[in-house]
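how does the following fold in three dimensions:
(one chain, ligands or ions: 1)
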Amino acid sequence: MTTSTTDVPGATIAQRLEGVRARIRAACERVGRDASTVTLVGVSKTFPIEVISGGLAAGLTDFGENRAQEFVPKARAAVEAGLAPRWHFIGHLQRNKVADVVPHIDVLHSLDSLRLIEAVSSARCPSGLGGGADAPNPLPCYLEVNVAGESQKLGVRPADVGALLAAAAAAPGIEVRGLMTVAPFVEDPEAARTTFRDLREIAAAHGLDGLSMGMTNDFEVAIEEGATVVRVGRAIFGDRLA
Ligand SMILES: *Cc1c(COP(=O)(O)O)cnc(C)c1O
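Numbers count the residues shown, from 1 in each chain. Below you'll find the model as predicted:
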């Protein structure tokens, strides 16, 4: 019996990862989707760089982090170790951390205000022009939506999605791929289904098909409801260290 998930990071992560991939395939089969349409992001927050190398060795390519103070040193350590994960920033991003975080990330899942859109745009595209031979590729982003309307949760109200998408479309250096949400935490994953369905409908109403939704507790339901990106931590890496 395994009591620790980090004794042998590579081996243990590989087994857990295969289990998660099998569950993703089964969820896709239930609704007639191709499993290649679902990107798995392994949420590595709280775990050290050894877990990133273990995940990469097991075939995981995409990693998610939610805190700038933890992420930036980890991203630098990865570069120094010669590792090249694709980094997804999935937590609330304060504007004063944008300049530190944006150069290291491949995808931002948590656009949630006009001011953040402006800050990310100017960090990605300092000239403000967005064109020209030297302009970097736009950063793929998701707008975080507070679908369930919980007052303590981050994300924009569904009614504000249109205005923020318009602002993001006009901001050089940003390319909105879709919407992201965190469902209310409940034991029964079925309870998250309406949240995921609502996010899909809001996205469709705005012509978007990227849906970043689903975590350890509810990723299969999210896939059944159309998730194109699932963000899974504990099911791959075990219980968090802090
Ligand atoms: C921590 C986190 C996850 C992963 O949660 P698990 O329950 O470990 O799968 C996914 N999304 C966000 C935004 C998170 O902060």
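
quick one: list the elements packing against the worst-scoring helix or strand of the chain on mean pLDDT.
Ranking every helix and strand in the chain by mean pLDDT, DSSP states H and E puts helix 9-30 at the bottom, with a mean of 89. For helix 9-30, the packing partners by 3 or more Cβ pairs under 8 Å, 6 or more residues apart in numbering; DSSP states H and E come out as strand 39-43, helix 49-57, helix 219-224, helix 234-237. For the C-beta atoms, the positions are set from N, CA and C on the backbone; glycine is no exception.

reformat these as JSON lines; add distance to residue 163, mean neighbour count and mean pLDDT.
Putting the helices and strands packed on helix 9-30 into JSON lines (distance: least, Cβ to Cβ, whole Å; neighbours: other Cβ atoms under 10 Å; pLDDT from 0 to 100) gives the following:
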{"stretch": "strand 39-43", "distance to residue 163": "27", "mean neighbour count": "23", "mean pLDDT": "98"}
{"stretch": "helix 49-57", "distance to residue 163": "37", "mean neighbour count": "20", "mean pLDDT": "96"}
{"stretch": "helix 219-224", "distance to residue 163": "26", "mean neighbour count": "23", "mean pLDDT": "98"}
{"stretch": "helix 234-237", "distance to residue 163": "35", "mean neighbour count": "22", "mean pLDDT": "95"}
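
closest to residue 145 out of these?
Among the helices and strands packed on helix 9-30, helix 219-224 comes nearest to residue 145, with 13.8 Å by Cβ to Cβ.

any idea how far that closest one is from the middle of the chain?
Centre-to-centre, helix 219-224 and its host chain are 15 Å apart (Cα atoms, centre = their mean, to the nearest Å).

how many residues are close by the closest residue to the ligand within the chain?
Nearest to the ligand, among the residues of the chain, is residue 233, at 2.6 Å (Cβ to the nearest ligand atom). Neighbourhood size, residue 233 [other Cβ atoms under 10 Å]: 21.

over to residue 29?
Residue 29 has 11 neighbours, counted by other Cβ under 10 Å.

SS state for the closest residue to residue 210 other than its chain neighbours?
Of all residues not flanking residue 210 in the chain, residue 178 sits nearest, at 2.2 Å (Cβ to Cβ, 6 or more residues apart in numbering). Secondary structure assignment for residue 178 (DSSP: H, G, I helix; E, B strand; the rest coil): strand.

count the residues that sit near residue 178.
Residue 178 has 22 nearby residues by other Cβ under 10 Å.

and if you look at residue 241?
12.

mind listing what's buried in the least confident helix or strand of the chain?
By neighbour count with 16 or more other Cβ atoms under 10 Å, helix 9-30 contains the buried residues 9, 12-14, 16-17, 20-21, 23-24, 27-28.
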